[in-house]
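Asker: Pasting the sequence and the predicted model now:
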Number of protein chains: 2
Amino acid sequence: MKISELATKSQINAKTIRYYEQVGLLKAPQRASNGYRHYQPGDVDTLIFIRRCRELNIPLDDIKRLVEVQADPNASCAVVDKIIAEQLAQVQRAQRELALLEQSLQTLASCSAEQVEKCSILHKLKAP
Amino acid sequence: MKISELATKSQINAKTIRYYEQVGLLKAPQRASNGYRHYQPGDVDTLIFIRRCRELNIPLDDIKRLVEVQADPNASCAVVDKIIAEQLAQVQRAQRELALLEQSLQTLASCSAEQVEKCSILHKLKAP
DNA sequence: CTAAAGGTTACAGCGACAGGAAGGTCAATA
DNA sequence: TATTGACCTTCCTGTCGCTGTAACCTTTAG
């Protein structure tokens, strides 16, 4: 199939697919005589897998390792486990940071002053 | 004062200070005869203000507007209010997204299989 | 025959810096 | 005086995961 069909079936932009090939996440497909990329049905599954990983915010480099691990039946599952655990830890770190951020922003409250000289928000931002 | 002193006092990297000047967030300072940037004491306050805003994850473009508003005593406080409110809303959106992400990652659980063929994580990633 | 739709490459831009190269300047020391 | 080391300058590149654009070629439909 051509790239647009793969894009539709995998729900990934054709440009993104070319990008994935460029960065080595997706292996280069065969080319037709006109230079068009020609994909196999299995490529749809690979891309759907990649998309699910991206929806979990997993970095491309990690996804690359997940894809490689799948190609090697002797590979240990520990690699997969570690990547997912790290991703979870990172999400939890980000959550804690955002919670602090939210608190800080809320203490700024909203300002109903008319002129910036009396603006309570700016006042607090200048001297916390 | 020279840039390194400003960097120390404001707790902002000298490279970052030059970058802020480049993108128009910080006005270009006077130059000494040797070409060195020469800053005024007030610049410390401006940079500390900028740093506090950055700690709240406020984008440089918005900080730029906050700085401009402070220079204009007739400016309305509504601008400030809007920027902070939007920032808060964005942080809250991000929090909701991360909560969903965390859930999804947790349903993948951890995998104790030895071989990737039996890996429950990969299994779930392939067919959710 | 022509126009639209789809394919190709290559390059630039996003945000907010950080790293490094290559060179000029300054103060202190041997 | 020569040199060392710290500091300053500009300019360029890389980060991450794409997306937009330009310029061009191929296929398909009317």
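Answerer: Everything's here; your move.

Asker: Please count neighbours and contacts with C-alpha atoms only from this point.
Answerer: Fine.

Asker: And the helices in chain A?
Answerer: For chain A, the helices defined by DSSP state H cover A:3-10, A:14-22, A:41-55, A:60-71, A:78-107, A:120-126.

Asker: Where among the ones you listed is average confidence lowest?
Answerer: Note on the helices of chain A: lowest mean pLDDT is at helix A:120-126, with a mean of 88.

Asker: So for that one, what gets flagged as buried?
Answerer: Buried residues in helix A:120-126, defined by neighbour count with 16 or more other C-alpha atoms under 10 Å in any protein chain shown: A:120-122.

Asker: any idea how far the nearest residue to A:K27 once chain neighbours are set aside lies from DNA strand C?
Answerer: Of all residues not flanking A:K27 in the chain, A:E21 sits nearest, at 5.9 Å (C-alpha to C-alpha, 6 or more residues apart in numbering or on different chains). Relative to DNA strand C, A:E21 is positioned 9 Å away (C-alpha to the nearest atom of the strand, to the nearest Å).

Asker: Chain A against DNA strand C: which residues are in contact?
Answerer: A:2-5, A:14, A:18, A:35-37 (C-alpha under 7 Å from any atom of the strand).

Asker: hmm, back to that, need the helices of chain A in CSV (columns: distance to DNA strand D).
Answerer: Formatted as CSV, those follow (distance: least, C-alpha to the nearest atom of the strand, whole Å):
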stretch, distance to DNA strand D
helix A:3-10, 11
helix A:14-22, 5
helix A:41-55, 6
helix A:60-71, 4
helix A:78-107, 11
helix A:120-126, 25
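
Asker: ok, back up a step: which of the residues of chain A next to DNA strand C count as buried?
Answerer: Burial by neighbour count, judged by 16+ other C-alpha under 10 Å, picks out A:3-4, A:14, A:18, A:37 from the residues of chain A next to DNA strand C.

Asker: Now do the domain split for chain A, please.
Answerer: Segmentation of chain A into domains, based on automatic domain parsing, reads A:1-75, A:77-128.

Asker: that older thread, nearest to B:L98, of the helices of chain A?
Answerer: helix A:78-107 (6.4 Å; C-alpha to C-alpha).

Asker: Could you name the helices and strands sitting against the closest one?
Answerer: Counting contacts by 3 or more C-alpha pairs under 8 Å, 6 or more residues apart in numbering or on different chains; DSSP states H and E, helix A:78-107 packs against helix A:60-71, helix B:78-107, helix B:120-126.

Asker: hang on, the earlier thing: the residue nearest to A:K27 against A:R37, yeah?
Answerer: No - A:E21 is beyond contact range of A:R37, at 10.9 Å (criterion: C-alpha atoms under 8 Å).

Asker: tell me the contacts of the spatially closest residue to A:K9 that is not a sequence neighbour?
Answerer: Counting by C-alpha to C-alpha, 6+ apart, A:K9 lies nearest to A:V44, which is 6.6 Å off, once chain neighbours are set aside. If you count contacts by C-alpha atoms under 8 Å, 6 or more residues apart in numbering or on different chains, A:V44 has them with A:6, A:9-10.
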